[in-house]
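K.L.:
Predicted model and sequence follow; I will ask about them next.
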Amino acid sequence: GAGVSQSPSNKVTEKGKDVELRCDPISGHTALYWYRQSLGQGLEFLIYFQGNSAPDKSGLPSDRFSAERTGGSVSTLTIQRTQQEDSAVYLCASSRGLAGVQETQYFGPGTRLLVL
Amino acid sequence: KQEVTQIPAALSVPEGENLVLNCSFTDSAIYNLQWFRQDPGKGLTSLLLIQSSQREQTSGRLNASLDKSSGRSTLYIAASQPGDSATYLCAVRPLTGANSKLTFGKGITLSVRP
């Protein structure tokens, strides 16, 4: 595809339910990032995948959050036992992942999650 | 820990005005700094990327400057138009470490009045 795509675009769930958010990066991009944008909080880093390396999970806010990237392409962010404070826009980005290169990250449109 | 600040949080200007958006960061050990634009309900679009060794970058009516030693960047928008209304975010990439995760400011929401 031409850009990063994310699904669903909107998700409303009840507190305590699990949700899965999907990201399709730009073809050929080896680096994939998840960010969260909460009202009044700005964008915060969640997790980073680079090729076959172990992901950097340092931004995940709790053990209810997990992510995987299958086949070096599509990624799924899973939130278990959702809480109201998880309500936010979840943004995915990808980049070529070339070391030592000044490169930009390309962002998807985001998934707007509302936990009731 | 890197912190990025953008003040004010919102700005409203009449059409045609030249304006400057400010960004400051606490750790000068950066690889690059980027300015992004975000339209309501949309993702981020990269506007300009300034390498740590550069002082400025220009694209059309946009000019971004970087003063790494003082931890500041500005985005200059010339002859503003209503279509420039959006949220503008700056983000820095750290110099060290394999992770190229970005640290973002909270953004400045710009409204250009016709």
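P.N.:
Perfect, thanks for sending it.

K.L.:
Would you mind confirming that residue B:114 makes contact with residue B:15?
P.N.:
Yes - taking contact to mean C-beta atoms under 8 Å, the distance of 5.4 Å between residue B:114 and residue B:15 places them in contact. In short, each C-beta sits where N, CA and C put it, glycine included.

K.L.:
Pull the contacting residues for the most centrally placed residue in chain A.
P.N.:
Per C-alpha atoms, centre = their mean, the C-alpha nearest to the average position across chain A is that of residue A:34, at 2.9 Å. With contacts defined as C-beta atoms under 8 Å, 6 or more residues apart in numbering or on different chains, residue A:34 is in contact with A:23, A:45-48, A:67, A:75, A:77, A:90-92.

K.L.:
same check, this time on residue B:31
P.N.:
For residue B:31, the contacting residues are A:102, B:51-52, B:93-95, B:100, taking C-beta under 8 Å, 6+ apart as the criterion.

K.L.:
Nearest residue to it in space, please, no chain neighbours.
P.N.:
residue B:93 (4.4 Å; C-beta to C-beta, 6 or more residues apart in numbering or on different chains).

K.L.:
again with residue B:21
P.N.:
Using C-beta to C-beta, 6+ apart and skipping residues adjacent in sequence, the residue nearest residue B:21 is residue B:75, 4.3 Å away.

K.L.:
pLDDT of the helix or strand where that neighbour lies, averaged?
P.N.:
Using DSSP states H and E, the secondary-structure element containing residue B:75 is strand B:72-77. Regarding strand B:72-77, the rounded mean pLDDT is 97.

K.L.:
Now do the buried residues in that strand.
P.N.:
Under the neighbour-count criterion of 16 or more other C-beta atoms under 10 Å in any protein chain shown, strand B:72-77 has B:72-75, B:77 buried.

K.L.:
From those, pick the one nearest residue A:4.
P.N.:
Compare each of those with residue A:4 using C-beta to C-beta and the shortest gap goes to residue B:75, at 23.4 Å.
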